[in-house]
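Chemist: Take this sequence and fold it.
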Amino acid sequence: MAVFSAVHRQVVQLPAIGILLVFASKAIGASLLDLCLSRAYARRHFIWKCTVSPHNADNPDPLRRVAPAAERNRGPILDVLSRVLPKAGVVLEIASGTGQHAVHFAAALPTVTWQPSDPDVASRASIDAWRKHASLANLNAPIALDVRSAPWPVPDSLAAIVCINMIHIAPWAAAVALFQGAGERLTDDGVLFLYGPYKRDGAHTAPSNEAFDEQLRATNPAWGIRNMEDVVQLGRAADLWMEEAVPMPANNFCLIFRRTGI
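Modeler: Predicted coordinates:
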């Protein structure tokens, strides 16, 4: 099930349309808003074309999808990854999406082996196209992985797990499964790296995040921006302790968890 693939992630993060729909609901009524959202998301390619381009003048391969959001945030994310990831070992990326992040990070971190994954077939095709285009020795072929489907088809000892913009566009059960799997697969001192928007003490950190949260919950009541404190509790249950919450551009955070080995 691909409810938290990066294809969905990029669709939902379209700010100009999504936030406009949220505020328009107050003027035109929730029933019309629901109709607009249900039709748009039932035919996801209608909005998807505005956010994920299959190719452009600089990218003639139709399999290699391009997400503008990934282009924007990859630099700031890499700055944090370079500092906190182990210097060697296998790094599993959950919900890799288009593959742009996988290529960018693997190229910048040549001493680790980058393992991309996604539950969505089309996303895996895009990841593999980017991988072949980049021709990086430390970037593996993508694997099919849904965090809720155990056992995960990965090695028992992972140096790190990277999960970008997933848990707010998936049921809470996916977050629970992510931490359970990380607790089982990470080596002692291994890192779980999360990126995305979070509430703090139950409050949104910006009005735009509140509007985005309304949009998510209108699309699927099981989705939504999570309380950081609830995510921290999931970590503790899996012997993963949050070392840092790094503020990022666009009202996001990098959460750095480390396995205690206790």
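
Chemist: So residue 163, which state does it fall into?
Modeler: Following DSSP: H, G, I helix; E, B strand; the rest coil, we place residue 163 in the strand state.

Chemist: can you pull the contacts of it?
Modeler: 93-95, 178, 192-195 (C-beta atoms under 8 Å, 6 or more residues apart in numbering). (Each C-beta comes from the backbone N, C-alpha and C, glycine too.)

Chemist: May I ask which of those has the most neighbours?
Modeler: Highest neighbour count within these, by other C-beta atoms under 10 Å: residue 95, with 31 neighbours.

Chemist: Was I right to think that residue contacts residue 116?
Modeler: No: under the criterion of C-beta atoms under 8 Å, residue 95 lies out of contact with residue 116, with a separation of 9.3 Å.

Chemist: can you map out the helices along the stretch 51-200 of the chain?
Modeler: In the stretch 51-200 of the chain, the helices defined using DSSP state H, counting those that start in this stretch lie at 68-84, 100-108, 121-134, 172-185.

Chemist: which one of those is the most hemmed in?
Modeler: helix 100-108 (a mean of 22; mean count of other C-beta atoms under 10 Å).

Chemist: how far away is residue 73 from residue 225?
Modeler: To residue 225, residue 73 is 16 Å away according to C-beta to C-beta, to the nearest Å.

Chemist: Residue 161 now?
Modeler: Residue 161 sits 21 Å away from residue 225, going by C-beta to C-beta.

Chemist: So which of the two has more stuff around it?
Modeler: Taking other C-beta under 10 Å, residue 161 and residue 225 do not tie; residue 161 has more neighbours (29 against 22).

Chemist: pLDDT and distance to residue 236 for the contacts of residue 163 - can I get that in a markdown table?
Modeler: As requested, the contacts of residue 163 are exported to a markdown table (pLDDT from 0 to 100; distance: C-beta to C-beta, whole Å):
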| residue | pLDDT | distance to residue 236 |
| --- | --- | --- |
| 93 | 99 | 24 |
| 94 | 99 | 20 |
| 95 | 97 | 23 |
| 178 | 99 | 14 |
| 192 | 99 | 12 |
| 193 | 99 | 17 |
| 194 | 99 | 15 |
| 195 | 99 | 20 |
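
Chemist: Let me see the contact set for the closest residue to residue 183 other than its chain neighbours.
Modeler: The shortest distance from residue 183 to any residue other than its chain neighbours is 3.0 Å, reached at residue 238 (C-beta to C-beta, 6 or more residues apart in numbering). Residues in contact with residue 238 (C-beta under 8 Å, 6+ apart) are 179-180, 182-183.
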